[in-house]
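A.B. asks: okay, here's the prediction I keep looking at, along with the sequence it came from:
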Amino acid sequence: MNDAVTPEPWQALRRHTPARIGLGRAGVSLPTAAHLDFQRAHAEARDAVHRPFNADAVEAGITALGLPTLRLHSAAPDRASYLKRPDLGRRLDAASCTLLRELPAPEQPPDLALVVADGLSTLAAERHAAALVAALRATLRRGWRFAPVAVVEQARVAIGDEIGHALGARLVVVAIGERPGLSSPDSLGLYLTWAPRPGRSDAERNCISNVRPEGLPVEAAASRLAWLLDEARRRRLTGVELKDESEPPVPPLDLSASFLLGG
């Protein structure tokens, strides 16, 4: 390290987290390398929000799994409107509503409607959505009936309620790009809702967050989601009344660890 940089005592802990801790200082400021790294991460986060959504590639990845798809669009006509008017991203445009109304009725109502949406990180949907769908199908028990997978542009989480209701699905899962962080520009969020219909609140959903290789891997996310789906169908509910008990609880932190006591 440059002699002009004053090290921080927490620097040894940096290898355990992507959080910006123990960066040192140069006078009263950040070292140049840390400052430039922050600027790069901030630029990547902004790019993830504004980058055009390659819906064709996402649809092709899902179609390759042997699943039918639907291309839909929110009421937000473009990205600028989407960012300024979150309410427009929560409902479908007129053409999408017409498309859903004109779909032939299935012989039996589907158990699950999957919605893949760009959200606030188009990268997340492009990189992880198809793999998540594949992993979920491999993990779910037999006997689940799927609606066509909806690929939606300029969408917010609540748009899944309208889509799931129109498809007559018992459950809807929205896989959507999450708001980028400074170390996670491609994080996918999964939102699960029982008996979807317009007007559902966030308290009536379950969320699995930070799905990406550096966070919660796709296979682990699919396993958690499959558990929640099975329980939601059995108990006929989602949200605050449905707790994720798919994994044993994390053991309590050992406060006698020497690095915490400075030993």
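C.D. replies: Looks like it came in fine. What you see is a predicted model, and the numbers here were worked out from it, not measured in a lab.

A.B. asks: could you measure from Asp47 over to Ala33?
C.D. replies: Counting by CB to CB, to the nearest Å, the gap from Asp47 to Ala33 is 21 Å. Bear in mind the C-beta positions are built from the backbone N, C-alpha and C, glycine included.

A.B. asks: repeat for Ala75
C.D. replies: Ala75 is 44 Å from Ala33, by CB to CB.

A.B. asks: of those two, give the one with the bigger neighbour count.
C.D. replies: Ala75 (20 against 14; other CB atoms under 10 Å).

A.B. asks: quick one: the strands in this structure?
C.D. replies: 69-73, 112-117, 149-153, 171-177, 188-194, 205-211 (DSSP state E).

A.B. asks: what about the helices in this structure?
C.D. replies: With helices called from DSSP state H, the chain shows them at 32-50, 55-63, 79-84, 86-89, 94-101, 122-139, 159-167, 218-235, 258-261.

A.B. asks: in the sheet, who's paired with the residue positioned nearest the centre of the chain?
C.D. replies: Centroid-nearest residue in the chain: Gly189, 1.5 Å away (criterion: CA atoms, centre = their mean). Beta-bridge pairing for Gly189 (DSSP bridges): Ile176.

A.B. asks: let me see the contact set for it.
C.D. replies: Counting by CB atoms under 8 Å, 6 or more residues apart in numbering, Gly189 touches Gly119, Ala124, Val157, Ala175, Ile176, Gly177, Glu178, Cys207, Ile208, Ser209, Asn210, Val211.

A.B. asks: what's the closest non-adjacent residue to the third one?
C.D. replies: Spelled out, that is Val157. Tyr191 (5.0 Å; CB to CB, 6 or more residues apart in numbering).

A.B. asks: coming back round to it: distance to Asp93 and mean pLDDT for the strands of the chain - can I get that in TSV?
C.D. replies: Shown next, in TSV, are the strands of the chain (distance: least, CB to CB, whole Å; pLDDT from 0 to 100):
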stretch	distance to Asp93	mean pLDDT
strand 69-73	5	97
strand 112-117	14	98
strand 149-153	10	98
strand 171-177	17	97
strand 188-194	21	98
strand 205-211	23	96
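
A.B. asks: do you know which of those strands lies nearest Ala80?
C.D. replies: Among these, the nearest to Ala80 by CB to CB is strand 149-153 (13.7 Å).

A.B. asks: the closest one pairs with which strands, and in what direction?
C.D. replies: In its sheet, and by DSSP bridges, strand 149-153 pairs with strand 69-73 (parallel), strand 112-117 (parallel).

A.B. asks: what angle sits between that strand and helix 94-101?
C.D. replies: 170 degrees (axes from the mean of the first three to the mean of the last three CA atoms, to 10 degrees).

A.B. asks: strand 149-153: which residues count as buried?
C.D. replies: Buried positions in strand 149-153, judged by neighbour count with 16 or more other CB atoms under 10 Å: Val149, Ala150, Val151, Val152, Glu153.

A.B. asks: which one of these is nearest Glu247?
C.D. replies: Of these, the one sitting nearest to Glu247 (CB to CB) turns out to be Val149, at 26.9 Å.

A.B. asks: how about the closest one: which residues does it bridge to?
C.D. replies: Beta-bridge partners of Val149, as defined by DSSP bridges: Thr69.

A.B. asks: show me where pLDDT drops low in the stretch 101-250 of the chain?
C.D. replies: In the predicted model of the stretch 101-250 of the chain, residues 248-250 satisfy pLDDT under 70.

A.B. asks: go again using 90 as the cut-off
C.D. replies: The stretch 101-250 of the chain contains residues with pLDDT under 90 at 105-107, 141-143, 179-185, 214, 244-250.

A.B. asks: coming back round to it: quick check: which of the helices of the chain is buried the most?
C.D. replies: helix 159-167 (a mean of 25; mean count of other CB atoms under 10 Å).

A.B. asks: CA atoms only: put it into PDB for me.
C.D. replies: Extracted in PDB, the C-alpha atoms of helix 159-167 (Å, rounded to 0.1, in the frame of the first residue of the first chain):
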ATOM      1  CA  ILE A 159     -48.000  -6.200 -12.800                       C
ATOM      2  CA  GLY A 160     -47.900  -9.900 -12.000                       C
ATOM      3  CA  ASP A 161     -51.200  -9.600 -10.200                       C
ATOM      4  CA  GLU A 162     -53.000  -8.500 -13.300                       C
ATOM      5  CA  ILE A 163     -51.300 -11.100 -15.500                       C
ATOM      6  CA  GLY A 164     -51.900 -14.000 -13.000                       C
ATOM      7  CA  HIS A 165     -55.500 -13.000 -12.700                       C
ATOM      8  CA  ALA A 166     -56.000 -12.800 -16.400                       C
ATOM      9  CA  LEU A 167     -54.400 -16.200 -16.900                       C
END
